[in-house]
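Colleague: Got a sequence here, can you build the structure:
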Amino acid sequence: VISWTPFDDVVYPSDQTHQFPGDTTVATNGSPDSLYVGTVYTHSDISTQTNDSTCSDVTYDITRTWDGIAGDYNSSNTSGASHDQMIHIEDTTPPTADFPADTTMEYYVGIEDVLNSSLFGPPTNIQDNSNLPVDSTMWDESTQIMNGSCAQVNFLYSHHWTLGDVCSNNLFHSITANIEDTTPPVRDDDGNWSDNSGLEVLVTTDTTSNQNPDPTTCEHYDYDYTVTETGTDVCGNEDSHVYPQETMENEAPYITSLPVPNYDTITVTEGGSIHPDSTGWAEWTDPENGPVERDYQDDLVEEDEIHRLWYREQFAWDPCENSPDSSMHYIYEYKPTGIEEKLKPDNVYVYPNPTDGNFTLHYDKAGTIKVGAYDLSGRQIGEEQIYQNLPENSNIPYHNLNSVAKGLYILKIQDEDGVVETEKVLKSKY
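Modeller: Below you'll find the model as predicted:
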């Protein structure tokens, strides 16, 4: 038979765990409950706390022994029961501190000199629940890659801190400087590009224009254009310089070869062709390598039963303008035998023709005439000359073409009846 005691129904307080400093009082940790009438419990504590500023000063155990006496049941008042309650005090809380904030810095040449342990400064307001000393260590880290790429000027520089208390509870914290290059390159007045990174700047040019793509139009050679120069650094930051608008002006074709020297004569035998495909073309070159078209004009200078003398001018043009150069020579053509032509009036002619400016006007009829000289545009050269009371077959010296340039001129001879005859005169020397 098991006998009952007053301690059989006692409910003892449970073991407890507290974060340092913790409350170890009975009020917090409990006491025996459900006691028999007259039963009394007392307790005693045994602690492993060392009080030597080590971890065992803040992480330790208290053994609380509860001894019970059942006075009304056991008149001798001897201890009737004993129970150990374990109270565990521990420090698992890391220290706290205030750290400088992260920052962003624009890269410049030499920034590496300031990226060191003093950049941010140490943490402040370091505290620990133990009120014991806190150890701090720091190491720095950089993602910079010195390879001339964007990674050389766009990178992270960090301070890594570890704050540890006596129980090796650690606070880890990183402070980061974001080093970046957002500054575009700059161009100086001499056209040189540079960048805050000190690294290479890629310079490209782009041209926009209103040029017509059709090479047969003048606007393909005569147009406005604008050049834009762009400098780009290794991180893609870029700036542009736009040059003043310029105009591309067409250059006229220039002559490169002649069939014969200017004012020389090409003789064409009887039955031969006087076309330039047979007697020879002058050649022109276009500076822009554009298309060049050419043509010619023949003017009959004189003619008799056996020959014709032609003054020929060859000229050319590109899509924009005429060439200032032309080929000028004579074609001496032998007429086919048996064919008679008279293209000139019988009563007037000049000789010599071509002339150096001084020549003789032969006039068959008697009477008074008025003589004027004109260029091919119709502009009068000098004053009209009046010759009165001429006998038949007069030979009149004429000097009005002395001071004019080489070329073809027209003499207009008007008689007393108002009849006008013309004669072409070629001045071949100046």
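Colleague: Where does the prediction get shaky in the stretch 51-200 of the chain?
Modeller: Within the stretch 51-200 of the chain, the set of residues satisfying pLDDT under 70 comprises 71-79.
Colleague: measure the closest residue to Ser428 other than its chain neighbours to Trp139 for me?
Modeller: For Ser428, ignoring the flanking residues on the chain, the nearest one in space by CB to CB, 6 or more residues apart in numbering is Pro354 at 3.9 Å. Glycine gets a C-beta too; all of them are placed from N, C-alpha and C. Separation of Pro354 from Trp139 (CB to CB, to the nearest Å): 103 Å.
Colleague: One more: Ala81?
Modeller: Distance from Ala81 to Trp139, by CB to CB: 58 Å.
Colleague: Of the two, which one has the most company?
Modeller: Higher neighbour count among Ala81 and Trp139: Ala81, with 18 against 10, using other CB atoms under 10 Å.
Colleague: Correct me if wrong: the more buried one contacts Gly68.
Modeller: Yes: between Ala81 and Gly68 there is a contact at 4.1 Å, judged by CB atoms under 8 Å.
Colleague: ok, now which ones touch His329?
Modeller: For His329, the contacting residues are Leu258, Pro259, Val260, Pro261, Asn262, Tyr263, Asp264, Thr265, Ile266, Arg312, by CB atoms under 8 Å, 6 or more residues apart in numbering.
Colleague: Confirm it sits in a strand?
Modeller: Yes: counting by DSSP: H, G, I helix; E, B strand; the rest coil, His329 is found in a strand.
Colleague: The helix or strand where Gly382 lies - contacts with which helices or strands?
Modeller: In the assignment (DSSP states H and E), Gly382 maps to strand 380-390. Where contact means 3 or more CB pairs under 8 Å, 6 or more residues apart in numbering; DSSP states H and E, strand 380-390 is packed against strand 367-374, strand 394-398.
Colleague: One more pass at 10 Å, please.
Modeller: The contact analysis (3 or more CB pairs under 10 Å, 6 or more residues apart in numbering; DSSP states H and E) places strand 380-390 against strand 359-363, strand 367-374, strand 394-398, strand 407-414.
Colleague: ok, and for the first one, which residues are buried?
Modeller: In other words, strand 359-363. Across strand 359-363, burial judged by 16 or more other CB atoms under 10 Å covers Phe359, Leu361, Tyr363.
Colleague: measure the last one to Val301 for me?
Modeller: It refers to Tyr363. For Tyr363 relative to Val301 (CB to CB), the value is 19 Å.
Colleague: if I pick Tyr330, what's in contact with it?
Modeller: If a contact means CB atoms under 10 Å, 6 or more residues apart in numbering, then Tyr330 has 260, 263-267, 301, 309-312, 354, 426, 428 as its contacts.
Colleague: Report the buried members of the residues you listed.
Modeller: Buried members of the contacts of Tyr330, scored by 16+ other CB under 10 Å, are Ile266, Val301, Leu309, Trp310, Tyr311, Arg312, Pro354, Leu426, Ser428.
Colleague: and the least confident of these?
Modeller: In terms of pLDDT, the lowest of these is Ser428, showing 71.
Colleague: coming back round to it: for the helices and strands packed on strand 380-390, which one sits closest to Ile87?
Modeller: strand 407-414 (130.4 Å; CB to CB).
Colleague: buried stuff in the helix or strand just after the closest one?
Modeller: Using DSSP H and E, the helix or strand that follows strand 407-414 in sequence is strand 420-427. The neighbour-count criterion (16+ other CB under 10 Å) identifies Glu421, Glu423, Lys424, Val425, Leu426, Lys427 as the buried residues of strand 420-427.
Colleague: With distance to Asp277 added, can I get these in a markdown table?
Modeller: Converted to a markdown table, the buried residues of strand 420-427 look like this (distance: CB to CB, whole Å):
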| residue | distance to Asp277 |
| --- | --- |
| Glu421 | 34 |
| Glu423 | 30 |
| Lys424 | 25 |
| Val425 | 29 |
| Leu426 | 24 |
| Lys427 | 28 |
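Colleague: what's the overlap in contacts for Ala81 and Gly68?
Modeller: Counting by CB under 10 Å, 6+ apart, the common neighbours of Ala81 and Gly68 are Thr5, Pro6, Phe7, Val10, Tyr12, Pro32, Thr39, Tyr41.
Colleague: Out of the residues you listed, which is nearest to Leu411?
Modeller: Comparing those against Leu411 with CB to CB picks out Tyr12 as the nearest, at 151.4 Å.
Colleague: For the spatially most central residue of the chain, which three-state class applies?
Modeller: Nearest to the mean C-alpha position of the chain, counting by CA atoms, centre = their mean, stands Thr230 at 2.7 Å. Following three-state DSSP, Thr230 is assigned to strand.
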